[in-house]
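[1] The following comprises the amino acid sequence and a computationally predicted model.
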There are 2 protein chains.
Amino acid sequence: MIRRTSQDIRRLNRFEVLRRVYAGPGAMSRQDVAAATGLSFATVANLTAELLEAGVLVEAGHEESGGGRPRARLAVNAERGALIGVDIAETSVHAELFDLALTVRHSVERPLPPGDVRPSDVVDALAGAVGELLAASGTDRARVLGAGVSVPGMVEREGGVSSFSPYWSWHEVPLRALLDERLGLPLWLDNPLRASTVAEMWCGAGREVDDLVVLTLRAGVGAGIAIGGQLYRGFTNSAGEWGHTCLALDGRPCTCGNRGCVEAYVSLRGIAETWRELAPGDARATGPDDAVTVAALARAADAGDPAAAAAIDRTGRYLGAAVANLVNLVNPQVVVVGNQVVDLLGERLLPVAYEAVGRHALALPHRAATLCRSTVPHNPVTLGAATFALEGFLDDREVFGPVSRMRKAAKGGAGAGG
Amino acid sequence: MIRRTSQDIRRLNRFEVLRRVYAGPGAMSRQDVAAATGLSFATVANLTAELLEAGVLVEAGHEESGGGRPRARLAVNAERGALIGVDIAETSVHAELFDLALTVRHSVERPLPPGDVRPSDVVDALAGAVGELLAASGTDRARVLGAGVSVPGMVEREGGVSSFSPYWSWHEVPLRALLDERLGLPLWLDNPLRASTVAEMWCGAGREVDDLVVLTLRAGVGAGIAIGGQLYRGFTNSAGEWGHTCLALDGRPCTCGNRGCVEAYVSLRGIAETWRELAPGDARATGPDDAVTVAALARAADAGDPAAAAAIDRTGRYLGAAVANLVNLVNPQVVVVGNQVVDLLGERLLPVAYEAVGRHALALPHRAATLCRSTVPHNPVTLGAATFALEGFLDDREVFGPVSRMRKAAKGGAGAGG
């Protein structure tokens, strides 16, 4: 069933207005926001009044408008509150404290125990990291508007349940309920593919475009998809499992149990395996930590090792063919590539990959798609997770929406600003 | 730039209301439509008034409502006008005349010349077919609200240009402009993937769900994608080229110039090739017409030929792996499979394919997705093309929208119905 009630549209437009103020080159006027969103000036003025009233936006001076009334410049009120973003990765928990302008104020990393991690290990590490963040930055817990948590694998978002983990032997873990007791903060759970995508939408390549695909290339591999300026989740919040699409029928075994998956070739593990195939006797290719191995691969290629260079070339061709599949199927405006694999191998890998996309993609969608590296500063997963908390706050019916409007009406006014 | 103006939303909701009346099990009340769409009763009443005023809907009796006021039953006014849907295929042009209830009233098929077809051949065949349709059904051209035309390959929809044809050596052909002179009808061009998808949305499996993938399996292979009850087109109207995603890296050559594409394995041509691989000496597998060959394959398998049965099994495994890629990436609610390949081989092919989807797809999106055969009667491409004309008519600002509302305001009324 579609939901296009006026309430839903108001909510989407509220996100959109704020996203444009974040994305703007500097402080933006209401006219600038109206032009950037395609919304009417009256709608923008109305939504802006609500965001000013809630203290999310402030007016920061005026700009001349060529003879007319000076236009107020809108800016995000960084001090309105704090947001926390958490990236639960394979071997560690990374937590960051952001202000409302999405600037990192403090970072903490805690290792996870080696081997099979239990839910309580994650909860302990996460609660510890958040406590340390608050203490070290001198932030009162009450100032935190919410925390977003990225959990690898499949996440049942409404219920806050980790349905399936690619690394650990757990299923249907009610992670939000477990964390709730320990954190006492509004919590939003989702996975790193979607966190990276909203990070691009608010702070990266997705600021300027509405249709984009964001590739995550690290231990796990996947795609986040945004359509019409909104994250596309699929029917059960599991869209984007590009890492487990088949690129080479009956090919290499993948951790998912299948063969020939994209992830089996372009994840850290897959790249290490390609190096081992091409340099069977090379001890540098056989370490237990794939990230360390891929870092060694980059150094070996830089030092002129031909097998290392060939392993990166071959990975580029795999990656290019797999990206071309997305270009042909989704026809996006922008494809963003990022994360560990790109940080370690990007300079050598991406030119080969882009050239392979050109060979494999159809001409029209290939011409339409811009391929680029992520420009999100720091860790896009923690930033995206914090953005989920921001979106959650913007959904708060006590602050926005009918309850707030009724309260204001009872006070006899429609809010400041306007 | 997003466009979420009140005008856009009104237009989308107008489609949605009408789609639900088409989809309904019988005549629906405004209350039924409100429940099915999630729109408010007031919005539905307002949009219904507009559709009654335009003569698209009629009130067809009343139903009891358990003590309250009897509720008017809404129905589509089949006699409001005619629609034409045209399927330009590889070897013929198929045109059908529909009434406004999307029931076929008359069909015509005209062959295209063998070999490299020129744009003028298509225009001649199409104009001839439409003329014959109108004459044979005694339909006045002025009663036709519009014609939708499905053109294979990539279509620049706004300009009505056939950018690229998979069968013929033409590029950037301004087909709408060429047809305009000959037909004198409002024209909408798009490709068979999208036509099949809107056919499912209005008359098939997509009536009940908003997120679906519709697979076309004939000479060409591709996917239409609907998200949130709307056709997803991609940035340059070329989304859905699933047939040209790579399933088997460095595999079989494809007509697109690449290797290992899905189309190279599950199109009529690809299936014939698999049969030839498995039965090298079999003359039945070597005919020039792939549809004839695949029909012979079905008969051979029915007669107990083991190589023929193996060719269908192998095709089912290819198809299943390729469908699993869509399930993992898009996470749809429904996947509809249809067209020639399914008509010819469905009984044997689909059980094998469905089983292979189960092996290749991840558990969560696989559980979420219902796989089914198309239930659209007749040719989904002509029906979908006619539906494009219907959508075009619903977009007509002379009939709906501000011009119409201003005209009504000038007359001093807000329209009948309500």
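    Received, thanks.
[2] For the rest of this, base every contact and every neighbour count on C-alpha atoms.
    Will do.
[3] Look at A:Ala226 and give its secondary structure.
    State at A:Ala226, reduced to three classes by DSSP: H, G, I helix; E, B strand; the rest coil: strand.
[4] For it, list the residues it contacts.
    Contacts here follow CA atoms under 8 Å, 6 or more residues apart in numbering or on different chains; on that basis A:Ala226 touches A:197, A:210-213, A:232.
[5] Now a ChimeraX select for only the buried ones of these.
    Buried subset of these, written as a ChimeraX selection, criterion 16 or more other CA atoms under 10 Å in any protein chain shown:
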select /A:197,210,211,212,213,232
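[6] what about the helices in chain A?
    Here chain A has its helices, by DSSP state H, at A:6-23, A:30-37, A:41-53, A:119-137, A:175-183, A:192-203, A:263-266, A:268-278, A:290-302, A:306-330, A:340-360, A:363-368, A:380-394, A:401-411.
[7] Nearest to chain B, out of those?
    Chain B lies closest to helix A:306-330 among the helices of chain A, at 4.5 Å (CA to the nearest CA).
[8] what helices or strands is that closest one leaning on?
    Contacts defined by 3 or more CA pairs under 8 Å, 6 or more residues apart in numbering or on different chains; DSSP states H and E place helix A:306-330 against helix A:263-266, helix A:268-278, helix A:290-302, helix A:340-360, helix A:363-368.
[9] Could you take those and lay them out as a markdown table, with extra columns for distance to chain B?
    Shown next, in a markdown table, are the helices and strands packed on helix A:306-330 (distance: least, CA to the nearest CA, whole Å):
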| stretch | distance to chain B |
| --- | --- |
| helix A:263-266 | 12 |
| helix A:268-278 | 15 |
| helix A:290-302 | 23 |
| helix A:340-360 | 6 |
| helix A:363-368 | 6 |
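[10] which residues touch the residue positioned nearest the centre of chain A?
    Central residue of chain A (CA atoms, centre = their mean): A:Ser196, 1.7 Å from the mean position. For A:Ser196, the contact set (CA under 8 Å, 6+ apart) comprises A:214, A:216, A:224, A:380-381, A:383-384.
[11] re the thing from before, which of the helices and strands packed on helix A:306-330 sits most buried?
    helix A:263-266 (a mean of 29; mean count of other CA atoms under 10 Å in any protein chain shown).
[12] Distance from that helix to the middle of the chain?
    Chain-centre distance of helix A:263-266: 21 Å, with CA atoms, centre = their mean, to the nearest Å.
[13] now swap in stretch A:231-243 and tell me
    The chain centroid and the centroid of stretch A:231-243 are separated by 13 Å under CA atoms, centre = their mean.
[14] Ok, stretch A:195-213 next?
    Stretch A:195-213 has its C-alpha centroid displaced from the chain centroid by 8 Å (CA atoms, centre = their mean).
[15] now stretch A:173-185
    The chain centre lies 22 Å from the centre of stretch A:173-185; the measure is CA atoms, centre = their mean.
[16] Repeat that for stretch A:71-88.
    Relative to its chain's centre, stretch A:71-88 lies at 16 Å (CA atoms, centre = their mean).
[17] And that stretch, what's buried?
    Using 16+ other CA under 10 Å as the test for burial, stretch A:71-88 gives A:71-78, A:80-88.
[18] Sitting in strands, which of the residues you listed do you find?
    A:71-76, A:82-88 (DSSP state E).
[19] So stretch A:249-260, near chain B or not?
    Yes - counting by CA under 8 Å from any CA of the partner chain, chain B has neighbours in stretch A:249-260: A:249, A:258.
[20] Between its first and last residues, how far does that stretch reach?
    The first and last residues of stretch A:249-260 sit 5 Å apart, counting by CA to CA, to the nearest Å.
[21] Contacts for it next, please.
    Here stretch A:249-260 makes contact (CA under 8 Å, 6+ apart) with A:166, A:244, A:246-248, A:261, A:263-265, B:247-249, B:359-360.
[22] how about the helices and strands packed on helix A:306-330 in a markdown table, adding distance to B:Ala129 and mean pLDDT?
    Listed next are these as a markdown table, based on distance: least, CA to CA, whole Å; pLDDT from 0 to 100:
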| stretch | distance to B:Ala129 | mean pLDDT |
| --- | --- | --- |
| helix A:263-266 | 50 | 98 |
| helix A:268-278 | 56 | 97 |
| helix A:290-302 | 62 | 97 |
| helix A:340-360 | 38 | 96 |
| helix A:363-368 | 31 | 94 |
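[23] closest one to A:Gln333 among those helices?
    Closest approach to A:Gln333 among these (CA to CA): helix A:363-368, 6.0 Å.
[24] helices and strands around that closest one, which ones?
    Packing contacts for helix A:363-368, counted by 3+ CA pairs under 8 Å, 6+ apart, involve helix A:306-330.
[25] Hmm, A:Met154 is touching A:Tyr167, no?
    No - judged on CA atoms under 8 Å, A:Met154 makes no contact with A:Tyr167 at a distance of 11.5 Å.
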